[in-house]
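Visitor: The following comprises the amino acid sequence and a computationally predicted model.
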Amino acid sequence: MKIRKGDEVVVLAGKDKGATGKVLRVDPRAERVVVEGVNLMTKNIKADQQRAGRESGRVTMEAPLHVSNVAIVEDGKPVRVGYRINEDGTKVRISRRSGKEI
């Protein structure tokens, strides 16, 4: 998967199209990412013994998006990601638009 935790991404499709945010979590098996402040859902939480001190109520949280619906942002525009192997043998991600290291 070419998108990692901490990357700045833009949403390409769906109800939050055009929104940008930081990747909070990545699930490579399900090919999903969770982006900060995007694809928000409301969840009803029930008070119980295990969550001592917390009350029941509604919690707003981010739901996962498919990785194909997000792209890394460079200068405010979405870019595709490629790879390059440096002289010392390390593999680095690069922007296909500018060729710069991400």
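Guide: Ah, there it is.

Visitor: wait, isn't residue 59 in contact with residue 45?
Guide: Yes - between residue 59 and residue 45 a contact is recorded at 5.2 Å, counting by Cβ atoms under 8 Å. C-beta coordinates here come from the backbone N, C-alpha and C atoms, glycine included.

Visitor: did I read that right, residue 68 in a strand?
Guide: No - under DSSP: H, G, I helix; E, B strand; the rest coil, residue 68 falls outside any strand and is assigned helix.

Visitor: Helix, strand or coil: sort out the most centrally placed residue in the chain for me.
Guide: The centroid of the chain falls nearest to residue 23 when counting by Cα atoms, centre = their mean (3.1 Å). Three-state assignment for residue 23 (three-state DSSP): strand.

Visitor: Surely it and residue 9 touch.
Guide: Yes - with contact defined as Cβ under 8 Å, residue 23 reaches residue 9; the gap is 5.9 Å.
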